[in-house]
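1. Structure, please.
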Amino acid sequence: MNDPQTCTDPHSGVGTGSAGRTLSVLVVDDDPTIVRLMLLWLSRQGFHARGAHSAEEALATAEEHFPDVLLTDLNLPGMSGSQLLAALRYRSGNLRAIAVTGLLRQDTPDADAFDDFFTKPVDLDRLTQSVRAAKINRLGNI
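-> Numbering: from 1, shown residues only. Predicted structure coming up:
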């Protein structure tokens, strides 16, 4: 775990998809502490997690490592989380997207574009279940 923006726990099979492939998650938040904590949590759950602090950084990361799941804040500097989702879904409509934001769902016009929606502070167990749904839905492995 030398790269603080990438975390994987090789000893956990929980995030493993079909043919043993580890489910990948891209975490995007302009708060470095949130990114770090999410990466740590997701890696401990067995997922391969990468982090970015802006939508633009996330797009660059996705060019090299397109994720199975996007976990993004909506209020980002520059491009919003909703705009990021639209750009990534243009590339792959199979991307599972989860909003993690300080906004309430009813105050977010693009909330329905996301597969799941969490208001901060996040229940990490529920978040893990939502990420796992990508494994079930996208990789066909329970």
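2. Would you map the helices across the chain?
-> Secondary structure of the chain by DSSP state H: the helices cover 32-44, 55-64, 81-91, 124-139.
3. Look up how far T22 lies from Q45.
-> Q45 is 11 Å from T22, where distance means C-beta to C-beta, to the nearest Å. Placement of C-beta: from N, CA and C, glycine included.
4. Lowest average confidence across the helices of the chain, which one?
-> Across the helices of the chain, helix 124-139 has the smallest mean pLDDT, namely a mean of 82.
5. Tell me how many other residues crowd R91.
-> Counted by other C-beta atoms under 10 Å, the residues lying close to R91 total 12.
6. Apart from its chain neighbours, what residue comes closest to it?
-> Counting by C-beta to C-beta, 6 or more residues apart in numbering, F66 is the residue found nearest to R91 once chain neighbours are left out, at 7.1 Å.
7. circling back to that earlier point, can I get the helices of the chain in CSV with distance to T72?
-> Putting the helices of the chain into CSV (distance: least, C-beta to C-beta, whole Å) gives the following:
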stretch, distance to T72
helix 32-44, 11
helix 55-64, 7
helix 81-91, 4
helix 124-139, 12
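8. number of nearby residues for L124?
-> In terms of burial, L124 registers 15 neighbours under the definition other C-beta under 10 Å.
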